[in-house]
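J.: have a look; sequence and predicted model below, questions after that.
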Amino acid sequence: MPRIFSSISKLDLTLAGFVALACFALTAGAVESVGQDVVAWWVWPLALFVTCFFLGIVAVPSGVGGGVLFVPIVGGFFPFHLDFVRGAGLLVALASALAAGPSLLRGGLANLRLALPLAVLASASSIVGAMVGLAIPANIVQIALGITILGIVILMSMAKKSELPEVPAPDRLSSALSMNGIFHDAARNQKINWHVHRTPLGLMLFLGIGFLAGMFGMGAGWANVPVLNLLMGAPLKVSAGTSSFILTLVDSSAAWIYLNKGAVLAMIAVPSIIGMMMGATIGARLLHVLKASVVRKMVITLLLFAGVRALLKGLGIWL
């Protein structure tokens, strides 16, 4: 089995994943254009399952969460109201994180001491964000999301060294909270000791991240990775793995608000969650063997695609 994943890591996973996603998304759009009267009811759940399966494969290694791509793709190419898509998006992101969590913790790619303080603050603010998001018009939410994600893409693209950031010394708060660890990088075949700094600023930013995650209904992975990696100095693979673990707390808090408002439909959520969890299991294994440079490219590509799609949809421009 390790030989299989080693051979897969040599391929251009990003290109393959997006070709598959584009094919299924365009297929859904083509079927919709024929007319909903011709389409059987089971077509849409099946299309959701297949689409989310590929989303789960690429979402875990990038650490952005499946909800970031789920909402733009499903909201744009499937005949569902955006509120229901946003509610299911949080559950989808939560499902992918839960499916990948045990494997990431065993492999040392997700660190509890790093994740818990940040997740507690983000979870509290995500509840407020979910309430605000349901009260704001959908197009305004989409425009704000697109601008935010594209700004993060620019920030990550300008960063020359983010795979193994140089952290001169941990700050007092990170030392007190024991935000450090060791993980084995299978791609480099070496053990890496890491610690973080700028912890107070990171905690403040995660308050904002949780608020935006609840408001957009897309999880928080798109912002977790840049803050953990570029600001606090955690290695990229640890940032991606810890981001997936943080999603389990943040998304579950915001999802309760959407459930309470009746913005979750079983027809949308169930096939999406099943497909996402199956794909996330494969994605968690790929994270162990992929090179950090490949993960970084996946992060940038995923965020760029999601940001452009959200912005165009908010402006009323359809792809």
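T.: Cool, got the structure.
J.: quick one: low-confidence residue ranges for the stretch 1-150 of the chain.
T.: Per-residue confidence for the stretch 1-150 of the chain (pLDDT under 70) gives these ranges: 1-39, 60, 62-65, 76, 96.
J.: helices along that one, start to end?
T.: Secondary structure of the stretch 1-150 of the chain (DSSP state H, counting those that start in this stretch): helices at 2-8, 13-34, 43-62, 67-77, 82-106, 112-135, 138-158.
J.: closest one to Leu302 among those?
T.: Taking C-beta to C-beta, helix 43-62 is the member of the helices of the stretch 1-150 of the chain nearest to Leu302, at 5.0 Å. Heads up, the C-betas are built off the backbone N, CA and C, glycines and all.
J.: show me what that closest one is packed up against.
T.: Under the contact criterion of 3 or more C-beta pairs under 8 Å, 6 or more residues apart in numbering; DSSP states H and E, helix 43-62 touches helix 13-34, helix 67-77, helix 82-106, helix 221-226, helix 236-260, helix 266-289, helix 292-314.
J.: so can I have JSON lines of these showing mean neighbour count and distance to Ile57?
T.: Shown next, in JSON lines, are those (neighbours: other C-beta atoms under 10 Å; distance: least, C-beta to C-beta, whole Å):
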{"stretch": "helix 13-34", "mean neighbour count": "16", "distance to Ile57": "6"}
{"stretch": "helix 67-77", "mean neighbour count": "27", "distance to Ile57": "11"}
{"stretch": "helix 82-106", "mean neighbour count": "25", "distance to Ile57": "10"}
{"stretch": "helix 221-226", "mean neighbour count": "28", "distance to Ile57": "15"}
{"stretch": "helix 236-260", "mean neighbour count": "26", "distance to Ile57": "13"}
{"stretch": "helix 266-289", "mean neighbour count": "22", "distance to Ile57": "4"}
{"stretch": "helix 292-314", "mean neighbour count": "21", "distance to Ile57": "11"}
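J.: of those, which approaches Val58 most closely?
T.: helix 13-34 (4.2 Å).
J.: extract the CA atoms of stretch 271-283 and return them as CSV.
T.: Only the C-alpha atoms of stretch 271-283 are listed here, as CSV (Å, rounded to 0.1, in the frame of the first residue of the first chain):
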residue,chain,number,x,y,z
PRO,A,271,-24.9,12.0,-0.1
SER,A,272,-22.5,14.9,0.2
ILE,A,273,-21.2,13.8,3.6
ILE,A,274,-20.8,10.2,2.6
GLY,A,275,-18.8,11.1,-0.5
MET,A,276,-16.7,13.6,1.4
MET,A,277,-15.8,11.1,4.2
MET,A,278,-14.8,8.4,1.7
GLY,A,279,-12.6,10.9,-0.2
ALA,A,280,-11.1,12.4,2.9
THR,A,281,-9.9,9.0,4.0
ILE,A,282,-7.8,8.8,0.9
GLY,A,283,-6.7,12.4,1.2
